[in-house]
Each structure stands twice: as structure tokens, then as C-alpha cells.
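**Q** Sequence first, predicted model second:
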There are 2 protein chains.
Amino acid sequence: MVIELHDPADPRLTDFTHLRDVELRKSLEAEHGLFLAEGEKVIRRALQTGHPARAFLTTPKWLTHLADVLENQVVYVVSDALMEQVTGFPVHRGALASFERLELPSVATLARRSKRVIVLEDLVDHANVGAIFRSAAALGVDAVILSPRCADPLYRRSIKVSMGAVFAIPWARMDDWHGGLAALDGYDTLALTPDASAVSIDEVRLGEKAALLLGSEGDGLSSRWLDQATERVRIPMSPAALKNGVDSLNVVAAAAIACHSLVRPSSAGSAPS
Amino acid sequence: MVIELHDPADPRLTDFTHLRDVELRKSLEAEHGLFLAEGEKVIRRALQTGHPARAFLTTPKWLTHLADVLENQVVYVVSDALMEQVTGFPVHRGALASFERLELPSVATLARRSKRVIVLEDLVDHANVGAIFRSAAALGVDAVILSPRCADPLYRRSIKVSMGAVFAIPWARMDDWHGGLAALDGYDTLALTPDASAVSIDEVRLGEKAALLLGSEGDGLSSRWLDQATERVRIPMSPAALKNGVDSLNVVAAAAIACHSLVRPSSAGSAPS
């Protein structure tokens, strides 16, 4: 059903309003249980992974690109100018769609089904969360588990930076931070830290099940999670760099190295080669 | 020498104008051989690494934070409003400084002095270049070599994202793309590619000297450099992810894993442990 709209105040456009206002979007998306996908590629990925579309918003030019998936969908067509007026910015990728959120598995369920997981504690930046999901999915981590306050992987910017990988890897969110790691019973829990006394991530022996804990951008892991982890691991850094004041990696780089180590063949329970 | 300024058109402020206009800044910085550092931490790093300051621009509030390094420097103090008017955006970190660029070593000189280098071909994004410098420096890569068209590591945003790591690792820029790899005589040149037929980066045998080649964000390495490399290497990806359309890593994540592999202890010419 293709409907041309001309009034920016039309209530049917509510899903697509105020896209630059992070706080307003957060409450809107929570209230309606929706998320927003931008651009042809991620819209297709959301559909392929079984997310029910609420509505599409597109300009006439982009209507044809998505024609094959628009049957039986609600499609609002607007001018470029109205698109910008509604969303608050020029939508270069020309197409937006709002989707229902699917129910997430519980952390316990996900932990039971998986062998290699990463756990993100309180990351605040949507782009970082999206980039880490992309690395985790591409490298073959089984699942991602989030602390209660970690930024939303289905926020528009997270989805975009992940290139849709947020739909390709199972994830769950803890209800409770304080006792959250209890659901990882049976796992080696490896806390990533810059602490030089930690075990090198290249040398740590990984058991049948291993969870890698990654802390927030500024402060790293909380002392509670550091204390609860079965092991502290570090990425080996250059002593010369430390002397020059380069004493850490950004969280996306650290996560990529950590995920790569977590899925290395010799870690899957067999003896190292 | 602390000088209060009140006129946004004052020619002494030229180094600090139009900070949001990438193209204008590029030509201004090239013409005057300068770069701009933002925020206390990177300003200090630039000074510590021997870069001569041209001038400082700060608000009264931030003057005291930098007091210890401002002796014998030219310091322009302006109001918050004038700061924003001159630079074109609200400078949250409160302090800017312009510096003379130092002469870069030649690629041949840098190659001679180093054993482990990364080579960036035509990366366009300043944030990516900055993040990759940070990873390379932190992990202990000896040097970074850039293709002629690669984005500038001393652009304000690169410096900021690198957290000043661009000052901590030696780098050079090729004069010539076509024959650029010739300066890496004696190196294993490893071209990073998603190609499944390439050797896993975890398994490749690294000689005494190894250079890892990383391509641009969209297209990866040029076919010329791929052909000239002594080996093609890949980061092992998840078969399941490939099936789900997650077929690559972002360049910062890929570079981090690649740098980590490049400096692994067993690669330094000795037998693998």
C-alpha cells in the first residue's frame, strides 16, 4: 500500500520523526517497541531476519530500488524536502523503515546455547556497539550479552555502523548488573584489562565455554566484574608505546583483537597446535 | 606572551579559522606547513615530541590548565563566544594550538630502520587513519607508511582520534603510488584481503622484515598492490557469518587484528613456539 504524504505533522509519520534527537528517539522507540533501519542494505537484512516492518518511508526515487520487498507493506512516499523536514536531516540513503522489535532470548538461554560469547559492560557509544557487533559476527563469536545500561544495538546508528550485523548474531540483555555474571555459570569469564599483570590473551587457556568481558570506553570494566571474572586477560602492548604515553587501544580495536583470539582454532577445547 | 583578542577577523587568528571546512583546512595547512592540535592532552604530546608551536588559542578558563607549557609561547585568549565564532564550532576541550610540521623521513629511510611496518593505501577517512595509528603505536608496529593519497594523520580529527599516537610512531608518505612498494625491498609484503584463498594471517610465516598492506575503506587494496605483494593474507572469518551477509570487518578492526598478528612474538624471525 503506497501512500503519498504531504504534511510533516501527519501522525502516520511519527515513527520517523526527530532522528537526530537521541534522547527523544530512545523514549519513542522504547514506548512503541520499534527500531529504525536506514538504507536499502540494512532494511533488507532486517526483513530477511524475520523482523516485522511497521512502515516504510521513502522518496519516489528510492521506491523502485525496494519494489520487490514492498508488497503488502505500508509505504509512505514523500518529497526529498519533506523527508528532511520529518527526520531532521538529509537522508542520503533515501529509505527508512520502522520495525517491531523481536523478543530477546534470556541471557541464560543464550549462554546455554553458546560456547564463545562477549559481554559488553556499559558501553555508551552506539557506533562502538555497532562496530563490535560487526566484528563479533564476522569473526564467529556465538553471541553478545549486554549489561543493563549498555547502549542499544538496535539504535539507528548502531545498526548502520554494524552494516546489519546486529541482526546476524544472537544477543541478550541482562536484567541485573550486580549479579549479571551468574548466568554465565560454566564459563571461563575473561576480563579484558590493560593491567600488565594480567595473562596475555594469546596465552590464556580457553575451556569448553569462554566469555570475554569488555568494559566501557572511558573507565573499562567495573571493579565488581573484574573481581568476579575467573581470569584477567590483556592484549600485549608495546613497552615503547607505554613510555610514549600510548597506553591503550580504542574499544573497537581491542574488541576485534579479543574476538579474534576468542575464536582461534586452538581454543575450541582441543590441545593447542 | 598572552594577548587578548576581540575581533574574529584579526589576521593573527588565521591558523584557527574554518575548522569544520575540511577542504579549506587542507589547503590552509598545506600552504603554511602547519597542523592543529585540540585539547590539553594532544597539545602536550605534540610539544613533548618536539613540534614547534606557532600559536595557542584558548579561553580564559583553560589558560591555567596549560600554564606550565605556555612560557615563551604566543597565546591568544578569547571569549567562549569568539572561540566558537572563529573556529566554527564549540571547542569543548577549550584549547587549540597550531604547530609547524616536522620534515618527514623518506620511505626508504624508515624501511631501513624498521622490521614491522604497516602500509595504508588511500584510506579516505581521518578518523580511521587516526584509530589505525593508535593501534599500530600501542601494539608495537615500528612505522606506518602512507600511499600518496592517503588521508593526513596530522589533520585535527586524525590526531584527536589517535589520542596523540600520530606523534608516537614514525611515519612517511610515498611520492609515488605506482612504484611505491619498491622502497620495501627486503620485506615480506603481505596484502590483507577478504579473499578466502589467501593464507590465514595466523599461519603466515613472517621473515626478518614484514610489511602489512591495508587497502581503502570501500574497495580494499588496488589490484596493482595485490599483485605486487609477496603474499596475500586474510583474517579468518566465520562461514556462518558469510552466509548471513556479514562478509567483512571495518578497516579499524581489521587493522587492529593485523597489527596484533604482525608483532606476535613467534613472528620476530625466531621459530614459532
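**A** Yep, it's here. Residues are numbered from 1 along each chain as shown, chains lettered A, B, ... in the order given.
**Q** host element of the nearest residue to residue A:132 once chain neighbours are set aside?
**A** Nearest non-adjacent residue to residue A:132, counting by Cβ to Cβ, 6 or more residues apart in numbering or on different chains: residue A:255, 4.5 Å away. Any C-beta I mention is one placed from the backbone N, CA and C, and that applies to glycine too. Per DSSP states H and E, residue A:255 falls inside helix A:251-262.
**Q** would you put the C-alpha positions of that helix in CSV?
**A** Taking Å, rounded to 0.1, in the frame of the first residue of the first chain, the C-alpha atoms of helix A:251-262 are listed here in CSV:
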residue,chain,number,x,y,z
VAL,A,251,37.4,-0.3,22.4
VAL,A,252,36.6,-1.3,18.8
ALA,A,253,40.2,-2.2,18.1
ALA,A,254,40.5,-4.1,21.5
ALA,A,255,37.3,-5.9,20.9
ALA,A,256,38.4,-7.0,17.4
ILE,A,257,41.6,-8.5,18.7
ALA,A,258,39.8,-10.1,21.6
CYS,A,259,37.2,-11.7,19.4
HIS,A,260,39.9,-12.9,17.1
SER,A,261,41.7,-14.6,20.0
LEU,A,262,38.5,-15.9,21.5
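**Q** What about the residue of the stretch 51-200 of chain A found nearest chain B? Give its phi and psi, please.
**A** Closest residue of the stretch 51-200 of chain A to chain B, Cβ to the nearest Cβ: residue A:140 (2.9 Å). Note on residue A:140: backbone dihedrals following degrees, to the nearest 10 are phi 100, psi 20.
**Q** For it, give me its contacts.
**A** Contacts for residue A:140 (Cβ atoms under 8 Å, 6 or more residues apart in numbering or on different chains) come out as A:116, A:263, B:237-241.
**Q** how close does it sit to residue A:49?
**A** The gap separating residue A:140 from residue A:49 is 18 Å, by Cβ to Cβ, to the nearest Å.
**Q** again with residue A:209
**A** 25 Å.
**Q** Please list the residues of chain A that sit near chain B.
**A** By the rule Cβ under 8 Å from any Cβ of the partner chain, the part of chain A lying against chain B is A:45, A:48, A:131, A:134-135, A:137-140, A:161, A:163-165, A:168-169, A:202, A:235-241, A:244-250, A:252-257, A:260, A:263-264.
**Q** are any of those buried, and which?
**A** Buried subset of the residues of chain A next to chain B (neighbour count, 16 or more other Cβ atoms under 10 Å in any protein chain shown): A:45, A:131, A:134-135, A:137-140, A:161, A:163-165, A:168-169, A:202, A:235-238, A:241, A:244-246, A:248-250, A:252-257, A:260, A:263-264.
**Q** I'd like to know which elements the longest helix belonging to chain A is packed against.
**A** Secondary structure of chain A per DSSP state H: the longest helix is helix A:126-139. On a contact count with 3 or more Cβ pairs under 8 Å, 6 or more residues apart in numbering or on different chains; DSSP states H and E, helix A:126-139 meets strand A:116-120, strand A:143-146, helix A:156-162, helix A:251-262, helix B:239-243, helix B:251-262.
**Q** With distance to residue B:88 and mean pLDDT added, can I get those in a markdown table?
**A** Shown next, in a markdown table, are the helices and strands packed on helix A:126-139 (distance: least, Cβ to Cβ, whole Å; pLDDT from 0 to 100):
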| stretch | distance to residue B:88 | mean pLDDT |
| --- | --- | --- |
| strand A:116-120 | 35 | 98 |
| strand A:143-146 | 37 | 98 |
| helix A:156-162 | 23 | 94 |
| helix A:251-262 | 28 | 97 |
| helix B:239-243 | 41 | 86 |
| helix B:251-262 | 27 | 97 |
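**Q** rewinding a little: so which of the contacts of residue A:140 is the closest to residue B:27?
**A** Using Cβ to Cβ, residue B:237 is the member of these that lies nearest residue B:27, at 40.4 Å.
**Q** What is the neighbour count of the residue nearest to residue A:156 when sequence neighbours are not counted?
**A** Using Cβ to Cβ, 6+ apart and skipping the chain neighbours, the partner closest in space to residue A:156 is residue A:36 (4.8 Å). Residues contacting residue A:36 under the criterion other Cβ atoms under 10 Å in any protein chain shown number 26.
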